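K.L.:
Fold the following.
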Amino acid sequence: MTVKTPLTWLYVPGDRPDVVTKALSSGADVVIVDLEDAVAPERKEYARRATAEFLGEPHPVPVHVRITDERDVPPLAALPGLAGLRLAKVTHASDIHRVAVRAPDVALYALLESALAVEHAHAIATAHQAVRGIALGEADLRADLGVREDSGLDWARGRAVVAARAAGLAPPVQSVYPDVRDLDGLAASCVRGRALGLLGRAAIHPRQLPVIEDAYRPTPREVAEAEEVVEAAASDGGALAMRDGRFVDAAIVAAARRTLALAKRD
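P.N.:
Purely as a prediction, here's the structure:
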């Protein structure tokens, strides 16, 4: 069975079980129940109980939980509806180890939200076999770095992309776009993220999902070019020159195959 490459990851507050349930039919590839920033301190305990109840059975869409408190791990780890834990504010590889010991069979995703975390990106990505991905938490990272323009985070984004690739992980997911009404801005930001090597994006409202999906899926032209490369490579054992003058080697063929796989992810 082919596993669909996720492109959309929808955050929902853990203290709103009605919203969490609706998120399952939103079209998101992954639903992330948030026990961190989206929940007020006085609502945390209720959010934990509601999330545990929700995860008491499996769901048709993978459900992850974003946590910041390691005490949340044991009650969640054995629940049949849990597909992964997203660990907020990871700074060192040791942060991963402490969670992995408590949840040895759960997929872990580390969020890098400080300058120190970015510097340790590869160590975090390779900290444990349970790590399935890394990504930036850009709101906190922006504040930590004092970055005023969005482009000021491009180096950190590239660092995360390189670290993930070096660790054999999937490309990082792009961080959320906070203005849910600015869909044109979201689309332009996704184009930028895709150019930097990110793959897919987290969202905070269902209306953002189709924009992200469209931005990150290969265009018809990209698919046609990839098909041409793969077809040409099938009849030639080594590097070759295409009719339009492009030089194609094994790396380009591999990239073309990834494009076709992403286009056919349904």
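K.L.:
What distance do you get for Ala202 to Ala255?
P.N.:
Using C-beta to C-beta, to the nearest Å, we find Ala202 at a distance of 24 Å from Ala255. No exception for glycine: its C-beta is placed from N, CA and C like everyone else's.
K.L.:
next one: Ala232
P.N.:
In this view, Ala232 and Ala255 are 14 Å apart by C-beta to C-beta.
K.L.:
more crowded one of these two?
P.N.:
Ala232 (17 against 12; other C-beta atoms under 10 Å).
K.L.:
mind listing what the residue positioned nearest the centre of the chain touches?
P.N.:
For the chain, the residue sitting closest to the mean C-alpha position, by C-alpha atoms, centre = their mean, is Val173 at 3.0 Å. Contact analysis of Val173 by C-beta atoms under 8 Å, 6 or more residues apart in numbering lists Pro6, Trp9, Gly133, Ala135, Leu198, Leu199, Gly200, Arg201, Ala202.
K.L.:
Looking at the residues you listed, which gets the smallest pLDDT?
P.N.:
For these, the weakest pLDDT value sits at Pro6, with 94.
K.L.:
Wait, a helix at that one?
P.N.:
No - under DSSP: H, G, I helix; E, B strand; the rest coil, Pro6 falls outside any helix and is assigned coil.
K.L.:
What is the burial count for the closest residue to it other than its chain neighbours?
P.N.:
Closest residue in space to Pro6, ignoring its immediate chain neighbours: Asp29 at 3.7 Å, by C-beta to C-beta, 6 or more residues apart in numbering. By other C-beta under 10 Å, 19 other residues sit near Asp29.
K.L.:
Tell me how far Asp29 lies from Arg194.
P.N.:
For Asp29, the distance to Arg194 equals 16 Å [C-beta to C-beta].
K.L.:
before we move on, the earlier item: any idea how far Glu231 is from the residue nearest to the centre of the chain?
P.N.:
Taken as C-beta to C-beta, the span from Val173 to Glu231 is 31 Å.
K.L.:
Look up the closest residue to Leu82, ignoring the ones flanking it.
P.N.:
Nearest one to Leu82, counting by C-beta to C-beta, 6+ apart, is Leu55 at 5.1 Å.
K.L.:
Against Arg49, how distant is the one you found?
P.N.:
Applying C-beta to C-beta, the value for Leu55 to Arg49 is 11 Å.
K.L.:
coming back round to it: ok, the residue nearest to Leu82 - contacts?
P.N.:
Applying C-beta under 8 Å, 6+ apart, we find Leu55 in contact with Val33, Val63, Val65, Leu76, Leu79, Pro80, Gly81, Leu82.
K.L.:
Recalculate using a threshold of 7 Å.
P.N.:
Shown in contact with Leu55 (C-beta atoms under 7 Å, 6 or more residues apart in numbering): Val63, Leu76, Leu79, Gly81, Leu82.
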